[in-house]
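>>> Mind looking at a prediction? Sequence and model below.
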Amino acid sequence: KKSKALGTFGEAAFATTSFAEPLADALARAGAGAPWMAHNNHQLSRTYPKASRVDSSNPAPTPYWDAGVQLVALNYQTCDEALQLSRGRFR
């Protein structure tokens, strides 16, 4: 199976796929969510904030967690709601 955004399914389970925030947002939407969730069931996925976040703000991590993303990179320079959610969930 092949998806333009997700690459080839069936890659090694230990391989990590990184998604920039704009692509991750598009994949997390309801219409595109099912293929991405299937991808995340078999492979590690990482999202990271877009480069234009020069103020070190963070995207909301919950849509990514809901889609099965295992690694949601956050900026620790700003103690905003996203970082507090992450600390509350993983401490």
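Here it is on my side, so go on.
>>> In the sheet, which strands lie alongside the helix or strand containing residue 47, parallel or antiparallel?
Assigned by DSSP states H and E, residue 47 belongs to strand 44-48. The pairing partners recorded for strand 44-48 under DSSP bridges are strand 16-20 (parallel), strand 71-72 (parallel).
>>> what sits against the residue nearest to the spatial centre of the chain?
Geometric centre of the chain, nearest residue: residue 47, 3.4 Å, by C-alpha atoms, centre = their mean. Residue 47 makes contact with 18, 19, 20, 21, 24, 59, 64, 69, 71, 72, 73, according to C-beta atoms under 8 Å, 6 or more residues apart in numbering. Just so you know, the C-beta spots here come from the backbone N, C-alpha and C atoms, and that holds for glycine as well.
>>> and the gap between the nearest residue to it once chain neighbours are set aside and residue 61?
Spatial nearest neighbour of residue 47, chain neighbours left out: residue 24 (4.2 Å); criterion: C-beta to C-beta, 6 or more residues apart in numbering. Noted for residue 24: a distance of 10 Å to residue 61, by C-beta to C-beta, to the nearest Å.
>>> Between those two, tell me which one has more neighbours.
Using other C-beta atoms under 10 Å, the more surrounded residue of residue 24 and residue 61 is residue 24, with 24 against 19.
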